[in-house]
Structure formats: C-alpha cells, structure tokens
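Asker: okay, predicted coordinates and the sequence, questions at the end:
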Amino acid sequence: MISAKEVKEQLRIVDVVKYYGINVNRKNKAICPFHDDKHASLSFKRGMFTCFTCGEHGDVIDFVMKYFNLNFREALLKLDKDFQLGLSTLKLSDSEREKIKRQNHIRDVRECRKQENNSEIKQLEQRYRILFDAYCKGNKQLKPYLDDLDKEIDWRIEQNE
C-alpha cells in the first residue's frame, strides 16, 4: 500500500489543482476557491499551497480534503481514482462509499443545472437583444419587458456563480 508521503512525492500540487479545474498562472498563483476571491492570492511552492488572504494552507492531500470536504482517507482514495496511484488496497466502508457516491451525484447535478442555466441565459439574452432593437426603433412600450428581462438575466448569472 502506498503512503501519504509517496502520494505527495508522486503528485505535483499544481497538476492536481489544474486537474480539478483551477486556473494557475505562470507565477504559480490562482484565485483561491476557499473564499470569495477576485485576485490570485493562492500560491503554490515546494509542494504546498498557501492563501495569503484567508490563510488556508497545506499539501496536496490537504487541498483535496478541503476542496471536496473529504476526510484524509477519502482524499487519498479520490487522488488514487483520479491519478491511478495504486491505493486500491484501501477498502471503503459502506457509509464512506455512500458518502462519496452522494458527493459525486451532487457535483453532477450542480454541473448539469449550471449548463442548463447557461443555456437559459443565452436564450434570455437573445430575446433581450431582439426586444432592445425594437425598443431602439421606437417601440417604447417594451421598456418594462426589457427591465424584467434584465433583472432575470442578472438573477440567473448570480445563481451560476
């Protein structure tokens, strides 16, 4: 069985973070997923991560634990599954297996809803452009509809974030 130390040696934290969808810039910095961040405050050095805004820090296993809200064992299993590390000798209890299954399902549902919402936003924006063109051509009765559409588009964008 592989040890946590071997996992840390086999995986570069920047590669793991990128694999999970976080953009890392050339200076090995990223927008921190652990708080509402607008600037790249998450730094990666010597196999560790540190956020200089919220204070989160740790190694590759800590990152996976915090990012996916997993315990140590679940984080190792996730890394094993995602990066084929050879940890398969670890056995999950039924409750651990069920928890991982639920988390994966919730993530899939959220992603599906996000994609549906993006599609609806595009349709609303297209409708808005058509109505706005008519409004600009003199149909001033459309103003309340444009205002309502604008609010709905803003609301749907907020729901996606």
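Answerer: Okay, I see it.

Asker: in its sheet, what does the longest strand along the chain sit against?
Answerer: Longest among the strand segments of the chain by residue count, using DSSP state E, is strand 40-45. Applying DSSP bridges, strand 40-45 is found paired with strand 29-31 (antiparallel), strand 48-51 (antiparallel).

Asker: with only the CA atoms kept, save that strand in CSV.
Answerer: Taking C-alpha atoms only, strand 40-45 is exported to CSV below (Å, rounded to 0.1, in the frame of the first residue of the first chain):
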residue,chain,number,x,y,z
ALA,A,40,-4.8,35.4,-7.4
SER,A,41,-4.0,35.0,-3.7
LEU,A,42,-3.4,31.3,-3.7
SER,A,43,0.3,30.5,-4.1
PHE,A,44,2.0,27.1,-4.8
LYS,A,45,5.6,26.4,-3.7
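
Asker: list the contacts of it.
Answerer: Counting by CB atoms under 8 Å, 6 or more residues apart in numbering, the neighbours of strand 40-45 from elsewhere in the structure are 13-14, 17, 22, 24-25, 27-33, 49-54, 56. Any C-beta I mention is one placed from the backbone N, CA and C, and that applies to glycine too.

Asker: sorry, back to before: any chance of the strands paired with strand 40-45 in JSON lines, with distance to Lys78 too?
Answerer: Output for the strands paired with strand 40-45, formatted as JSON lines (distance: least, CB to CB, whole Å):
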{"stretch": "strand 29-31", "distance to Lys78": "19"}
{"stretch": "strand 48-51", "distance to Lys78": "16"}
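
Asker: now the ones you listed in a markdown table, with mean pLDDT?
Answerer: As requested, these are arranged in a markdown table below (pLDDT from 0 to 100):
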| stretch | mean pLDDT |
| --- | --- |
| strand 29-31 | 93 |
| strand 48-51 | 93 |
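
Asker: quick revisit: give me the buried entries from the contacts of strand 40-45.
Answerer: With neighbours counted using 16 or more other CB atoms under 10 Å, the contacts of strand 40-45 contain these buried positions: 13-14, 17, 22, 24, 29-33, 49, 51, 56.
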